[in-house]
Structure formats: C-alpha cells, structure tokens
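K.L.:
coords below, sequence missing:
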C-alpha cells in the first residue's frame, strides 16, 4: 500500500509539473505573440510614414516642376515681348537689324 501511495503521489507531482510547464510554455508563447504584434505594428507605422512622405515628395516635385516650367515659359514670353516692344518704340524693325548685320 505504501508503494502505491508513493507512486500515486509521484504521478500526481509529475502531472502538476507537466501542468506548470505547459502553463509556463503558454505564457512564453503569449508574450512572444504580443511582442511580435508590437514589432509588426511599429514596422507598419514606420512604413506608412515612409509611404506618406514619398507621396508628398513626389506630389511636391510634380507641382514644383509644373510651376517652374510655367514660370520659365512666362519669363521667356515676357522677355521676347519686352524686347519686341522696346525695339518697336525706337522704330527699329527686323529689316534694319538685318541690314546692320550685313
């Protein structure tokens, strides 16, 4: 009877140890899952920020390029108009300029 009592207590102790090990293993897995979730969340937020930054930079470059191109066109047209009107006020024509060049 003593042997069966000791073997029963040993089996009970072994079962308690297995339950404790399983609980510890489950706790470690839950903590690992939470950490992986946090890491993935932070990486996703960083990637979202990079994507938003890239969008803004590309959009600004497109808008800035449009503005610069139109400003250059306006400057060229304005310069040509200014030169044309100044020569016109002085009475210089294109044929006079060509004659001076010959």
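P.N.:
Yes, it's here. Quick caveat, the model's predicted, so the values are computed rather than measured. Numbering: from 1, shown residues only.
K.L.:
residue contacts, residue 91?
P.N.:
Residues touching residue 91, when contacts are defined by C-beta atoms under 8 Å, 6 or more residues apart in numbering, are absent altogether. C-beta coordinates here come from the backbone N, C-alpha and C atoms, glycine included.
K.L.:
Compute the distance between it and residue 43, please.
P.N.:
Going from residue 91 to residue 43 by C-beta to C-beta, to the nearest Å gives 73 Å.
K.L.:
now do residue 79
P.N.:
In terms of C-beta to C-beta, residue 79 sits 53 Å off from residue 43.
K.L.:
What of residue 33?
P.N.:
Noted for residue 33: a distance of 16 Å to residue 43, by C-beta to C-beta.
K.L.:
Check residue 18 too.
P.N.:
In this view, residue 18 and residue 43 are 37 Å apart by C-beta to C-beta.
K.L.:
roughly how far out does the helix or strand residue 21 falls within sit from the chain middle?
P.N.:
Assignment of secondary structure by DSSP states H and E places residue 21 within helix 2-90. The chain centroid and the centroid of helix 2-90 are separated by 7 Å under C-alpha atoms, centre = their mean, to the nearest Å.
K.L.:
measure residue 35 to residue 18 for me?
P.N.:
Here residue 35 is placed at a distance of 26 Å from residue 18 (C-beta to C-beta).
K.L.:
and what of residue 36?
P.N.:
Counting by C-beta to C-beta, the gap from residue 36 to residue 18 is 26 Å.
K.L.:
From the centroid of the chain, which residue is nearest?
P.N.:
Computing the C-alpha centroid of the chain and ranking residues by C-alpha atoms, centre = their mean puts residue 50 first, at 1.6 Å.
K.L.:
Do you know the pLDDT at that one?
P.N.:
The score at residue 50 is 96. That number is its pLDDT.
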